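>>> what would the 3D arrangement of this be:
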Amino acid sequence: MSLNTTANQWQAFSLSCVRVETEVEIARPAQQVFNYVTTPALWHTWHPATVEVRDVPQRPLTTGETMLELVAVAGRRDQALWTVLACMPPQLWEIGTDTDKGTAHISYRITDTDAGCRFHRTLEFRSKGWWHVLDTTLTRWIMERQSSQALRNLKAVLER
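Okay, here's the model as predicted:
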């Protein structure tokens with residue numbers, strides 16, 4: 001799947017991948033949360049898989065922009081070149097990557113609540129090579145825990 005993937009291709013991808021959904025209530029306005037989570041230069045402050053993000057400005061990224069993330073998952077380090085596929089502030093932000101080790105799609109959905117907003121993160125992934133046999137078991141288990149920790153961290157950082 002190339003980075004110029006269409007919405008229909010991502011829908012087909014999502015039928016054959018593993019999905020991890022996490023959600024948290026944050027006592028901050030939706031726009032503030034959106035601006036923070038869509039600034040990849042800040043990902044290391046809340047997401048445990050992010051070692052660093054390179055070649056990005058200190059601002060939210062918009063459709064078509066890219067960032068290079070160095071990630072650490074399950075003892076493996078890798079790089080992922082992410083492309084912003086959709087950006088509709090402050091409700092929706094989607095990114096995708098296709099590396100030699102796997103393909104992933106992440107969406108952030110933010111909705112207003114009386115106390116601030118609800119942040120919903122969906123990760124869809126599919127490994128390549130022999131690693132894919134672990135996607136529905138070990139890899140999913142690791143991703144679920146990292147994703148839950150990420151949202152706990154995000155809430156703590158933004159509600160300080």
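>>> dig out what the most centrally placed residue in the chain forms beta bridges with.
Nearest to the mean C-alpha position of the chain, by CA atoms, centre = their mean, lies I106 at 4.1 Å. Legend: beta-bridge partners of I106 under DSSP bridges are I95, L123.
>>> next: the one 10 residues further on.
Beta bridges link G116 to T113 when assigned by DSSP bridges.
>>> helices along this protein, start to end?
For the chain, applying DSSP state H gives helices covering 7-15, 30-37, 140-158.
>>> hey, which of the ones you listed is tucked in deepest?
helix 30-37 (a mean of 19; mean count of other CB atoms under 10 Å). Heads up, the C-betas are built off the backbone N, CA and C, glycines and all.
>>> what's the mean pLDDT across that helix?
The average pLDDT within helix 30-37 is 98.
>>> which strands or helices does it pack on?
strand 102-113, strand 116-127, helix 140-158 (3 or more CB pairs under 8 Å, 6 or more residues apart in numbering; DSSP states H and E).
>>> residues contacting C17?
Shown in contact with C17 (CB atoms under 8 Å, 6 or more residues apart in numbering): T103, H105, E124, F125, R126, D135.
>>> what about 7 Å?
Contacts for C17 (CB atoms under 7 Å, 6 or more residues apart in numbering) come out as E124, F125, R126.
>>> among the residues you listed, name the buried ones.
Using 16 or more other CB atoms under 10 Å as the burial test, these include E124, F125, R126 as buried.
>>> now stretch 48-60: how far from the chain's centre is it?
Between the centre of stretch 48-60 and the centre of its host chain there is 12 Å, according to CA atoms, centre = their mean, to the nearest Å.
>>> kindly report the same for stretch 86-99.
Distance, centroid of stretch 86-99 to centroid of chain: 8 Å (CA atoms, centre = their mean).
>>> in this structure, where is pLDDT below threshold?
By pLDDT under 70, the weakly predicted segments of the chain are 1-15, 129-137, 140.
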